[in-house]
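**Q** The following comprises the amino acid sequence and a computationally predicted model.
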Amino acid sequence: MVPIQMVDLKRQYTKIKPQVDAAIQEVLESAAFINGGAVQKFAEELQQYLDIKHVIPCANGTDALQIAMMALDLQPGDEVITPSFTFIATAEVIALLQLKPVFVDVDPQTYCLDVTAVEKAITPKTKAIVPVHLYGHVADMEPLMAVAAKHNLYVIEDNAQAIGGNYTFADGSVKKAGTIGHIGCTSFFPSKNLGCYGDGGALFTNDDALAAKIRMVANHGQSARYYHDVVGVNSRLDSVQAAVLRIKLPLLDEYINARRAVADAYDAAFADMPQITTPYRAANSYHVFHQYTLQLNGADRNKLQEYLATQQVPAMIYYPVPAHRQRMFEHFGGAAFDLPVTDHLTTKVISLPIHTEMDKDQLDHIIHSVKSFLNNPPA
Ligand SMILES: *Cc1c(COP(=O)(O)O)cnc(C)c1O
């Protein structure tokens, strides 16, 4: 059996090696390493895939979130509502810009922002909401956008884990994750569903003025060459990464299907296990399974993880400490936030390997290992 990894990027690369190598070679020969043709072409292709007016590439997903908040002119002290149950980047950039992160609990089934809790957390200082489509499940965007409209707030979608996912509205219309809020942000970190071979990220918007502002902020606040209107940052996707992404974007739906097939197999295998809650899939969210994360009930998570390691099965805890309990946020009184669902989930979740290259014998081995531990727990 091929060794099991959380994400098998090596075998994925092997399958597309001739195309990727040729695309990288082309960039090398053009020597247009920054803002080369590949970057513009990739942005256009992603724009079409997402059915959105503007895609602005940048250096990574964290920068995308920061640039979004800068482009919206959020000011020190403004409050930004976000989940605590997320990767730290979401909350970190809020604090970095001297905005105030207001942590809100997540829905116990979807693990995404609880919209009722969002509305309760709104104050006169609230300026924006940042939903996170955690693990690839799209947050409940329709009621969230309604709350945002009612209170005149911006919505920035953290779509780092859900590119290619989509959301179905009550009227039956469907939109891609990341294209519903005012700005969508994503990451092309190698292990993400659409990953490059280094760092990369992008912002999406349908708003022309906002797109212009985002481009300016991402490029030293520059409006015309060497004329700088606002304080910005330097955040670019390089041409080599764009060339890799141009090969992988046409395969994204296939990659998502491969991930969903792994999730289906896990779901079926664990359906009769009382100690396991398998990932929920809301009817309006097309889940792209960046992670396959289950909840363990009445079983020792660390012992399971240790046992799986002895069987050469990796497993990860995303995330063991929620943002509001990180030392980084102590001075914001982070721990004072009352987020029972988040606190509960951080003690119960465990993620199993899921990727585009999983073989049946690997899957069978993972399932067998999980089941044998739970059926015969060590004393
Ligand atoms: C990966 C990730 C980010 C940050 O992306 P980088 O490209 O690593 O900066 C932000 N938010 C979430 C939810 C992520 O998973």
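**A** That came through fine. Numbering: from 1, shown residues only.
**Q** what packs against the helix ranked longest in the chain?
**A** Scanning the chain for the longest helix, with DSSP state H as the assignment, gives helix 9-30. Judged by 3 or more Cβ pairs under 8 Å, 6 or more residues apart in numbering; DSSP states H and E, the packing partners of helix 9-30 are helix 37-50, helix 239-248. Yep, even glycine has a C-beta here, placed from its N, CA and C like the rest.
**Q** orientation of the shortest one relative to helix 9-30 in degrees?
**A** Right, helix 239-248. What separates the directions of helix 239-248 and helix 9-30 is an angle of 130 degrees, with axes from the mean of the first three to the mean of the last three Cα atoms, to 10 degrees.
**Q** same question, the longest one
**A** With the same axes, to 10 degrees applied, the angle from helix 37-50 to helix 9-30 works out at 130 degrees.
**Q** Now residue 230: closest residue in space that isn't a chain neighbour?
**A** Excluding the flanking residues, the one nearest residue 230 by Cβ to Cβ, 6 or more residues apart in numbering is residue 221, at 4.0 Å.
**Q** Which single residue of the stretch 1-150 of the chain ends up nearest the ligand?
**A** When distances are taken as Cβ to the nearest ligand atom, the stretch 1-150 of the chain approaches the ligand most closely through residue 61, which lies 2.5 Å from it.
**Q** pretty sure that residue contacts residue 203?
**A** No: if you go by Cβ atoms under 8 Å, residue 61 and residue 203 don't touch, sitting 9.8 Å apart.
**Q** shared neighbours, those two?
**A** 185, 186 (Cβ atoms under 8 Å, 6 or more residues apart in numbering).
**Q** Looking at those two, which is more packed in?
**A** Comparing residue 61 with residue 203 by other Cβ atoms under 10 Å, the one with more neighbours is residue 203, at 30 against 27.
**Q** for this protein, what are the low-confidence residue spans?
**A** For the chain, the stretches with pLDDT under 70 are 379.
**Q** just so I have it, where are all the helices in it?
**A** Taking DSSP H as the test, the helices found in the chain are 9-30, 37-50, 61-71, 89-96, 115-121, 141-150, 208-218, 239-248, 252-270, 301-310, 340-348, 360-375.
**Q** Any idea which of the ones you listed gets closest to residue 199?
**A** The closest approach between residue 199 and any of the helices of the chain, judged by Cβ to Cβ, belongs to helix 239-248 at 7.4 Å.
**Q** quick one: that closest one to helix 252-270, angle?
**A** 70 degrees.
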